[in-house]
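*Asks:* Got a sequence here, can you build the structure:
(one chain, ligands or ions: 1)
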Amino acid sequence: MALSVSPLGTAALAALAAALLLLAMQVLRPLLAVRGRLPPGPPHSLLTGTAIPDTHPWRTMAEWTRRYGDVCTVRVGPAQLLFVVGTARAAHALLNKQAGVSSGRPRNIMAGELMSGGKRMLIMDHNDRWRTYRKVMHEALADRPAQAYEPVQVKESRLAMQRLGDGPADWQNVWRTYAASVIMTVTYDQPVTSLDDPRVRAVNERLGMLARYVRPGASMLDRFPLLYYIPEPLNPWVKLGKQLHARELDLFLSQYQAVRTRVKAGEGSASFSSKLQERQEKIHLTDEEASYMAGSLFGAGSDTTAAALSIFVMAMLRFPHVLRQAAAEVDRVVGEKRMPTFEDEAALPFIQACVQETMRWRPVSAGGFMHRLTADVQWEGYTLPKDSSIIGNHWSISLDENEYPEPDVFKPERFLDETGQCKGTWFSPQDGHVAFGFGRRICPGMHVANRSLFINFASLAWAFNITSSVPAEETDTLAFTSAANSHPLPFEAHFEWRSEARRAVCEDEVQTTKDNQIHG
Ligand code: HEM
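*Replies:* Reported below is the predicted structural model:
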């Protein structure tokens, strides 16, 4: 007996077949596009790709580098290729020297396109808007303009020392407050004194949401991009992404507009936002774009800086002789009667070397950030196809004993030359490490970050003996969170004033620097 199918049923079957065909094309297209040999990599399943662990994925990736080589192929889901680059040699060749074709970002529908409206620099592709953002960032944050923020960093650092000396239970929050206040001042000329400040709470709440969706494949839309095309009224994911974006945009716009209002009233001093407002029209940025550029500085620069400051404290507990060496250098140059300043920097090469070693020893963005290849790239007989993702694993590069002998030991002197001056490495002549990333996506805030680390490390060495009831050799130097910006898990640390006189000098300096503002 012949089966009869109604016209409605035929249409449904045709629609189903078309959807399956589209799905198959989406899955197969990147694989069919592979035109050469891929580097070896860990096993993967055809449907779900390579199993990448949620906890400290950079440690597993480092293991893959040891097993499969400098560049290995990983599959995210059934079709997306990700190249994990695990040595300085390969990272320098692929991500620095060929930055022209390795500086895109992979598509991120939920966190990038919907929640950030395509306006968040860190997850924006290598396009014209990104170039404008990058130019603005360079003009505001490069080495010379970053000097303007030094008075604010000095003021906040004095406050941080005072708070640490008071013996807070959660001393890591002192660093979070320091970093939040520096960024809020740099961005809006709005210092904060507590993490409970409603402005900080609001932005941290938004960042918490973003962190949830920014990981590859964290949202259904990124795992199954076809879902994006379901009409909006029936599409819960698109609706959610747009709602979250609207709330974040409201927050960023209101902070940005408040600067405009204060400037009109002749109040406050210069900031990233006030300077941006002066030239916003000339560079054709809408208020929405400009407010997002300003607003997303907090996410990029606050948590990262706070983590690096805690990492230094961890290193000082594990390697107490380094703190003694740092204190000896600071005492020789600065003495007891005043605290260190940025004018002392050239005379404090050991402290500068401590900054570099902290960033190397436990890199904050431990796994690195994904880039996207915008053309096919050749690597030692292998082809890395256009549109694949590529990631430089900061962890394995920083702990590679071929580049850094005894990599687990905190040894600032590895960055000192025979004349005692600070030096870099062959692949990073300036900083000696890769913790700020690669190529055209290298962190534009690094000069602000380095200054924060310098002034706080010098001040810690000047002010405190740092102690713990845990013996130095039992300090767990691998106890870190698994977030993209990996913080040390809470640990015990006591900050004991080296002398009553130093405590009194710090109290005085808190008063004398309390009105410090951005220069210019
Ligand atoms: C210790 C502190 C910091 C660390 C470890 C750090 C690290 C990084 C890393 C690894 C990247 C991505 C690089 C890549 O894709 O290869 C990045 C990007 C970025 N950072 Fe930082 N950062 C720090 C502080 C800051 C500060 C203080 C600011 C702002 C004042 C900032 C602003 C940015 C921005 C806007 C981007 C996006 C750049 C782009 O995608 O083109 N960062 N940072």
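*Asks:* how many other residues sit next to the residue lying closest to Ile311 once chain neighbours are set aside?
*Replies:* Of all residues beyond its chain neighbours, the one nearest Ile311 is Arg362 (4.8 Å), with distances taken as C-beta to C-beta, 6 or more residues apart in numbering. Every C-beta, even on glycine, is put in place using the N, C-alpha and C of the backbone. If you count neighbours by other C-beta atoms under 10 Å, Arg362 ends up with 28.
*Asks:* Would you pull up the residue in the stretch 151-300 of the chain closest to the ligand?
*Replies:* When scored by C-beta to the nearest ligand atom, the stretch 151-300 of the chain has Ala300 as its residue closest to the ligand, at 3.5 Å.
*Asks:* wait, is that residue part of a helix?
*Replies:* Yes. Ala300 forms part of a helix when assessed by DSSP: H, G, I helix; E, B strand; the rest coil.
*Asks:* Renumber starting at 423 from here on
*Replies:* Happy to do that; since the first residue is 423 now, the last one works out to Ala722.
*Asks:* All the strands of the stretch 723-872 of the chain, in order from the start?
*Replies:* Across the stretch 723-872 of the chain, reading from the start of the chain, the strands by DSSP state E, counting those that start in this stretch fall at 792-794, 799-801, 804-806, 811-814.
*Asks:* can I get these in TSV with mean neighbour count and mean pLDDT?
*Replies:* As requested, the strands of the stretch 723-872 of the chain are exported to TSV (neighbours: other C-beta atoms under 10 Å; pLDDT from 0 to 100):
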stretch	mean neighbour count	mean pLDDT
strand 792-794	22	96
strand 799-801	16	96
strand 804-806	19	97
strand 811-814	25	97
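*Asks:* Show the contacting residues for Ser641.
*Replies:* The neighbourhood of Ser641, defined by C-beta atoms under 8 Å, 6 or more residues apart in numbering, consists of 531-533, 635, 659, 663.
*Asks:* if we can go back for a sec, could you double-check that the residue nearest to Ile733 sits in contact with Val735?
*Replies:* No. The pair Arg784 and Val735 fails to qualify as a contact (C-beta atoms under 8 Å) at a distance of 11.4 Å.
*Asks:* Point out the residues in the stretch 623-772 of the chain that sit beside the ligand.
*Replies:* Counting by C-beta under 6 Å from any ligand atom, the residues of the stretch 623-772 of the chain lying close to the ligand are 719, 722-723, 726-727, 730.
*Asks:* Between the residues you listed, which sits nearest Thr796?
*Replies:* The shortest gap between Thr796 and any of those belongs to Ala722, at 22.6 Å (C-beta to C-beta).
*Asks:* coming back round to it: hang on, the residue of the stretch 573-722 of the chain closest to the ligand packs against Arg863?
*Replies:* No. Because the distance of 11.6 Å does not satisfy C-beta under 8 Å, Ala722 is recorded as not touching Arg863.
*Asks:* so Ile888 sits in a strand?
*Replies:* Yes. Ile888 sits within a strand when classified using three-state DSSP.
*Asks:* what about the protein, any weak spots by pLDDT?
*Replies:* 423-457, 638-639 (pLDDT under 70).
*Asks:* which parts of it sit against the ligand?
*Replies:* Contact residues of the chain with respect to the ligand, defined by C-beta under 6 Å from any ligand atom, are listed as 543-544, 556, 559, 563, 719, 722-723, 726-727, 730, 786-787, 791, 857-860, 863-867, 870-871.
*Asks:* and with 5 Å instead?
*Replies:* When proximity is defined as C-beta under 5 Å from any ligand atom, the chain approaches the ligand at 543-544, 719, 722-723, 726-727, 730, 786-787, 791, 857, 859-860, 863, 865, 867, 870-871.
*Asks:* Which of those residues fall in helices?
*Replies:* Among the residues of the chain next to the ligand, the members falling in helices are 719, 722-723, 726-727, 730, 870-871 (criterion: DSSP state H).
*Asks:* What is the most widely separated pair among these?
*Replies:* By the measure C-beta to C-beta, these have their two most distant members at Leu719 and Ala730, which lie 16.5 Å apart.
*Asks:* show me the contacts for whichever residue of the stretch 623-772 of the chain sits closest to the ligand.
*Replies:* Distance from the ligand to each residue of the stretch 623-772 of the chain (C-beta to the nearest ligand atom) is smallest for Gly723, at 2.8 Å. Residues near Gly723 by C-beta under 8 Å, 6+ apart: 601, 605, 867, 870-871.
*Asks:* Then Arg862?
*Replies:* Counting by C-beta under 8 Å, 6+ apart, Arg862 has contacts 521-522, 525, 548, 556.
*Asks:* Show me which pair in those is furthest apart.
*Replies:* Set against one another by C-beta to C-beta, the contacts of Arg862 have their most distant pair in Gly522 and Arg556, with a gap of 14.1 Å.
*Asks:* The two: which has the busier surroundings?
*Replies:* Summary of the neighbour comparison: Gly522 and Arg556, criterion other C-beta under 10 Å, with Arg556 having more neighbours (17 against 11).
*Asks:* what's the burial count for the residue nearest to the more buried one when sequence neighbours are not counted?
*Replies:* Among residues not flanking Arg556 along the chain, Pro866 sits closest, at 6.8 Å (C-beta to C-beta, 6+ apart). For Pro866, the number of neighbouring residues by other C-beta under 10 Å comes to 23.
*Asks:* OK, contacts around Pro866?
*Replies:* Contacts for Pro866 (C-beta under 8 Å, 6+ apart) come out as 556, 559-560, 563-564.
*Asks:* try 7 Å this time
*Replies:* If you count contacts by C-beta atoms under 7 Å, 6 or more residues apart in numbering, Pro866 has them with 556, 559-560, 563.
*Asks:* Same question for Leu745.
*Replies:* If you count contacts by C-beta under 7 Å, 6+ apart, Leu745 has them with 738, 883, 888.
*Asks:* hmm, 8 Å instead?
*Replies:* Taking C-beta under 8 Å, 6+ apart, we find Leu745 in contact with 738, 882-883, 887-888.
*Asks:* Filter those down to the buried ones, ChimeraX style.
*Replies:* The following ChimeraX command selects only the buried members of the contacts of Leu745, with burial defined by 16 or more other C-beta atoms under 10 Å:
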select :738,882,883,888
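*Asks:* quick one: which of the contacts of Leu745 is nearest the ligand?
*Replies:* Checking the contacts of Leu745 against the ligand by C-beta to the nearest ligand atom gives Leu882 as the nearest, at 15.8 Å.
*Asks:* got the contact list for that closest one?
*Replies:* 583, 586, 734-735, 738, 745, 888, 917.
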